[in-house]
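J.: Okay, here's the prediction I keep looking at, along with the sequence it came from:
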Amino acid sequence: MSVSARSASSSRSTPAPFRRGSRTHRRGGRSPRTGGKRGTGIDAVEWAERGAELGVGEILLNSMDADGTKAGFDLLMIRAVRAAVHVPVIASGGAGLVEHFAPAVEAGADAVLAASVFHFGDLSIPEVKDAMRAEGIVVR
């Protein structure tokens with residue numbers, strides 16, 4: 001299940017409820033036309049928990065606050081969802097440096113996802129894997 005969410009507060013320095021963006025995939029893989037600009041008012045942690053209860057195999061967790069910033073993954077959101085579900089969590093949104101990946105795993109992500117840093121050659125997959133191994137994280 002894919003959950004795209006942003007913090008309900010303007011400050012990410014303190015935990016706040018996370019609101020599921022309207023981009024969250026629904027049955028059939030369709031996304032509403034708003035492109036995540038309009039929130040649903042549904043708490044993302046509760047939504048992830050509900051998905052796990054219904055039997056989803058994993059949660060693809062995208063932080064709309066961190067996505068594209070290259071400032072690091074949203075560790076608060078990862079921790080909150082990890083505490084609520086027992087299915088694998090894949091963290092997405094915010095990777096910019098090799099040093100950003102290990103903290104996401106340490107916060108509870110079972111896997112990490114990045115795209116633009118690889119597409120545009122900012123980072124290479126081998127250097128990210130090496131940095132994660134150096135932090136004691138098992139990578140494939």
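T.: Structure's in. What do you need? Residues are numbered from 1 along each chain as shown.
J.: neighbours of Ser7, just the number please.
T.: Number of residues near Ser7 (other C-beta atoms under 10 Å) recorded here: 21. For glycine as for every other residue, the C-beta is placed from the backbone atoms N, C-alpha and C.
J.: ok, which stretches of this protein are strands?
T.: 2-7, 18-21, 39-43, 59-63, 89-92, 111-113 (DSSP state E).
J.: what angle sits between the fourth one and strand 2-7?
T.: Calculated by axes from the mean of the first three to the mean of the last three C-alpha atoms, to 10 degrees, strand 59-63 forms an angle of 30 degrees with strand 2-7.
J.: What strands flank strand 59-63, and is each parallel or antiparallel?
T.: Its sheet considered, strand 59-63 pairs with strand 2-7 (parallel), strand 89-92 (parallel) by DSSP bridges.
J.: And stretch 68-77, how far out from the chain middle?
T.: With C-alpha atoms, centre = their mean, to the nearest Å as the basis, stretch 68-77 stands 8 Å off its chain's centre.
J.: For it, measure first residue to last.
T.: 16 Å (C-alpha to C-alpha, to the nearest Å).
J.: Contacts for it, please.
T.: 5, 7, 12, 15, 18, 44, 61, 63, 65-66, 91, 93-97, 100-101, 103-104, 107, 109, 112, 116-117, 122 (C-beta atoms under 8 Å, 6 or more residues apart in numbering).
J.: next one: stretch 95-108
T.: By C-beta under 8 Å, 6+ apart, the residues outside stretch 95-108 that reach it are 69-73, 75, 78-79, 81-83, 89, 91, 94, 112-114, 117, 122-123, 127-128, 130-132, 135, 137.
J.: Show me what counts as buried in it.
T.: By neighbour count with 16 or more other C-beta atoms under 10 Å, stretch 95-108 contains the buried residues Ala95, Gly96, Val98, His100, Phe101, Ala102, Pro103, Ala104, Val105, Ala107, Gly108.
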